[in-house]
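[1] Just the structure for this:
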Amino acid sequence: MASTLGLGPPHPAAGTPPQQAVNPPRPASSVEAEDSLALWDGVPPYVLLIEDDEGDAVLVEELVEDSGIDVRLGRASSLAEALRLMRAEAPECVLLDLHLPDAQGLEGLTKVLAVSAEVAVVVLTGLSEERAGLTAVAAGAQDYLIKGRLEPDVFMRAIRYAIQRKRTELAAVALEAGRLRAEENARLERGLLPTPLLLDAPVDTVSVCARYHPGRAQTLLGGDFYDVVQTPDGATHAVVGDVSGHGPSEAALGVCLRVAWRSFVMAGARGAELLGLLERILLAERSGPEIFATLVSLTRPPGADAVSVQRAGHPGFLVRSPAGVELCTVPGGPALGIIPGWGPGWPVTDVPVEADGAVMLFTDGLIEG
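    Numbering: from 1, shown residues only. Got it, this is the predicted structure:
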């Protein structure tokens, strides 16, 4: 992540038949049928049957064998045994009888989903319990089958479609979570990228140019921040900082420090007092003792031919003059939060800047790989 902030003089602006599965998809062609088998990715899925009736369990085993599809079938005769097996190895699909010795009705479904919210569940019901199957689907199951109407092809199709529905559901949930994170990150970015607070009739006119650019594609939100304000006395103040780490927590801390810097400057804090106050804010708001922030802050009184600079563990800055561009690294102190209550403070250094010159502040993302 790189941020740059340039200050200089104004310039011109240069996206009853056999049982069918609940909500069955359209009939598949032979090619689509082969594609559905590719759902396994060459690895037989682990299907856990939870059934206490030996006859029904044998029926399911025969259906799997007659289907000719490679499935790794496990069996539990009680819910307690099933939950223990699921904790040891999560199945891709659970075939759940609604009447078990230790669970009746939706109780079993609720406990199965509590152990693994990512498992597809197909409920097995009796001939007179179709309504119970529909209720189970409404409660989180992917499908239901009636035991007396099972055929091998329908049975295995129901398992395949249940797994696919569950994967689609999980993908949709992940997509929505990503969208919400993106919206939150956008709000944080707006806090990191402020509008400079300049006087309507400034005593000293300056031009501000800023850029905030991720260091690489798909980078995490970082904690780089900057700000520019002009106080009523006509002085121009600027800061560029960087919170260690990447992510929403660091970005939120960057927003906090930027707003605090603006508030303290407008309230008249200067020099060592300003950075000391910022460090107190960082110590109170950071998520752990390993978090720190670097920054460089400068002030230019109106009409002055120099800027007063403070540096806390941050890289230097560039100064442009008729002679060229020079990297200035003034004396400074440690990053905020590295040595809380740093005794010597952060010295203020005056750096000459000619009337037609410019200053560029930046974060380490501009100079590091």
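[2] Check what pLDDT the closest residue to Gly68 other than its chain neighbours gets.
    In space, and not counting its chain neighbours, Gly68 is closest to Pro152: 7.9 Å by C-beta to C-beta, 6 or more residues apart in numbering. Where C-beta positions appear, they are placed from N, C-alpha and C, glycine not excepted. Here, the pLDDT recorded for Pro152 equals 84.
[3] who's in contact with Pro152?
    Contacts of Pro152 were listed using C-beta atoms under 8 Å, 6 or more residues apart in numbering, and they are 63-64, 66-68.
[4] For those, which PyMOL command selects only the ones that are buried?
    Burial among these is assessed by 16 or more other C-beta atoms under 10 Å; the matching PyMOL selection reads:
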select buried, resi 63+64+67
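[5] Give me the subset of the contacts of Pro152 that lies in helices.
    Residues of these located in helices (DSSP state H): 63-64, 66-67.
[6] Within the sheet, what are the partner strands of the host helix or strand of Gly245, with directions?
    Gly245 is located in strand 236-246, with elements delineated by DSSP states H and E. Within its sheet, strand 236-246 is paired with strand 222-230 (antiparallel), strand 293-300 (antiparallel), according to DSSP bridges.
[7] Check the spacing between Glu62 and Gly55 real quick.
    Going from Glu62 to Gly55 by C-beta to C-beta, to the nearest Å gives 11 Å.
[8] quick one: which of these two has more around it?
    Set side by side, Glu62 and Gly55 show more neighbours around Glu62, with 13 against 8, by other C-beta atoms under 10 Å.
[9] Dump the contacts of Pro152 into CSV; add distance to Asp233 and pLDDT as well.
    Formatted as CSV, the contacts of Pro152 follow (distance: C-beta to C-beta, whole Å; pLDDT from 0 to 100):
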residue, distance to Asp233, pLDDT
Leu63, 85, 88
Val64, 83, 85
Asp66, 89, 85
Ser67, 84, 81
Gly68, 86, 79
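[10] ok, then the element right after the strand holding Gly245?
    Heading C-terminal from strand 236-246 (DSSP H and E), you reach helix 248-266.
[11] how far does the strand holding Gly245 sit from the chain's center?
    22 Å (C-alpha atoms, centre = their mean, to the nearest Å).
[12] hmm, back to that, could you export the strands paired with strand 236-246 as CSV, including distance to Pro194, mean pLDDT and mean neighbour count?
    What follows is the strands paired with strand 236-246, written out as CSV (distance: least, C-beta to C-beta, whole Å; pLDDT from 0 to 100; neighbours: other C-beta atoms under 10 Å):
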stretch, distance to Pro194, mean pLDDT, mean neighbour count
strand 222-230, 5, 87, 25
strand 293-300, 15, 95, 24
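[13] how about those in CSV, adding distance to Arg179?
    Below are the strands paired with strand 236-246 laid out as CSV (distance: least, C-beta to C-beta, whole Å):
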stretch, distance to Arg179
strand 222-230, 21
strand 293-300, 30
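[14] between these, which one is nearest to Gln164?
    strand 222-230 (37.9 Å; C-beta to C-beta).
[15] Identify the residue nearest Leu79 in space, chain neighbours excluded?
    Spatial nearest neighbour of Leu79, chain neighbours left out: Ala103 (4.2 Å); criterion: C-beta to C-beta, 6+ apart.
[16] Point out where the stretch 1-150 of the chain drops to low pLDDT.
    Low-confidence segments of the stretch 1-150 of the chain, defined by pLDDT under 70: 1-42, 127-128.
[17] residue ranges for the strands of it, please.
    Remark: strands assigned in the stretch 1-150 of the chain by DSSP state E, counting those that start in this stretch are 2-8, 46-50, 72-76, 93-97, 99-100, 103-104, 120-125, 143-146.
[18] sorry, back to before: max pairwise distance over the ones in helices among the contacts of Pro152: which two?
    Comparing the members of these, the greatest separation, given C-beta to C-beta, is between Val64 and Asp66, at 7.5 Å.
[19] shaky segments in the stretch 151-300 of the chain?
    185, 188-192, 202-204, 214-222.
[20] try 90
    Scanning the stretch 151-300 of the chain with the threshold set as pLDDT under 90 gives 151-224, 245-252, 254-255, 271-272, 287.
[21] sorry, back to before: for Phe225, find the nearest of the strands of the stretch 1-150 of the chain.
    Phe225 lies closest to strand 2-8 among the strands of the stretch 1-150 of the chain, at 7.4 Å (C-beta to C-beta).
[22] burial of Ala141, as a residue count?
    Residues lying near Ala141 (other C-beta under 10 Å) number 25.
[23] wait, what's in contact with the closest residue in space to it that isn't next to it in sequence?
    Of all residues not flanking Ala141 in the chain, Val121 sits nearest, at 4.4 Å (C-beta to C-beta, 6+ apart). Shown in contact with Val121 (C-beta under 8 Å, 6+ apart): 93-94, 96, 109, 112-113, 136, 140-142, 162.
[24] One more pass at 7 Å, please.
    If you count contacts by C-beta atoms under 7 Å, 6 or more residues apart in numbering, Val121 has them with 94, 96, 109, 112-113, 140-142.
[25] got those residues as a markdown table, with distance to Glu273 columns?
    Listed next are the contacts of Val121 as a markdown table, based on distance: C-beta to C-beta, whole Å:
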| residue | distance to Glu273 |
| --- | --- |
| Val94 | 64 |
| Leu96 | 67 |
| Leu109 | 63 |
| Val112 | 61 |
| Leu113 | 57 |
| Gly140 | 59 |
| Ala141 | 64 |
| Gln142 | 63 |
